[in-house]
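Novice: what's the 3D shape of this:
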Amino acid sequence: MRTLLTICILFFGLFSFGQTYNVDLTQSSLKWHGKKVTGEHFGTIQLKSGSFELKADKFTSGVFTIDMTSIVNTDIEDAGYKAKLEGHLKSDDFFGVAKFPTATLEFKSSSAFTNNTANVKGKLTIKGISQEIDFKVKKEGNKFTSEIVVDRSKFDVKYGSGKFFENLGDKMIYDDFTLTVIIETSN
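Specialist: As a prediction, the model looks like this:
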């Protein structure tokens, strides 16, 4: 009888409580891709921390902190121009990293994984401004990937935006940029 009770408790425990996953910061990556009328730029940003919980094959919570001071451009080879662009992205014209050194992404809820894909609802905070976002996450073992399209104008990132400035011509920068997220867990 005691053995049956122990098995029932273990079985119930496995399905009642979620499992927390910690992000392996050395294996995970965030890549950004922004476009303008005359071209595009891309690069990386580092995760500072992250964890999430899965219960019944759904995300029940998750918090990821992004180190905005780590913005790097990877498509420009000229060191001077590369440094100029990175400095501009870190300036108040864009992400204001001196005042807002981190951004956060919080998972609020998700659908259950179907064919290894879940729909996630979350909250993204950039420059102290929070916006609800929806995106898809694919999982393969302990690897979770997503492409998240972010409208920078919703986070007071106005530089070169056609929503805020007229007659920009070929100087206009599109408001949407893409984050390609690859999360690997350490458990």
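
Novice: just the CA coordinates for stretch 152-160, please, in CSV.
Specialist: Coordinates of the C-alpha atoms in stretch 152-160 are reproduced here as CSV (Å, rounded to 0.1, in the frame of the first residue of the first chain):
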residue,chain,number,x,y,z
ARG,A,152,10.6,49.7,-32.7
SER,A,153,8.3,52.8,-32.9
LYS,A,154,6.1,51.3,-30.1
PHE,A,155,9.2,51.6,-27.8
ASP,A,156,10.0,55.3,-28.5
VAL,A,157,12.7,54.4,-31.0
LYS,A,158,11.9,57.0,-33.5
TYR,A,159,15.1,57.8,-35.4
GLY,A,160,14.5,57.6,-39.2
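
Novice: show me which positions of it end up buried.
Specialist: For stretch 152-160, burial by neighbour count (16 or more other CB atoms under 10 Å) applies to Arg152, Phe155, Asp156, Val157, Gly160. All C-beta atoms are positioned from the backbone trio N, CA, C, and that covers glycine.

Novice: so where's this structure uncertain?
Specialist: Counting by pLDDT under 70, the chain has low-confidence residues at 1-17, 162, 168.

Novice: now the helices for it?
Specialist: 2-16, 79-90 (DSSP state H).

Novice: please tell me how far the closest residue to Gly34 other than its chain neighbours sits from Ile126.
Specialist: Taking CB to CB, 6 or more residues apart in numbering as the measure, Gly34 lies nearest to Phe177, with 4.1 Å between them; neighbours along the chain are not counted. Here the criterion is CB to CB, to the nearest Å. By it, Phe177 lies 11 Å from Ile126.

Novice: swap in Tyr21?
Specialist: Distance of Tyr21 to Ile126, given as CB to CB: 24 Å.

Novice: check the buried residues of stretch 152-160 and tell me the two furthest apart.
Specialist: For the buried residues of stretch 152-160, the maximum inter-member distance is 14.5 Å, found between Phe155 and Gly160 (CB to CB).

Novice: who has more neighbours, Phe177 and Ile126?
Specialist: Ile126 (22 against 19; other CB atoms under 10 Å).
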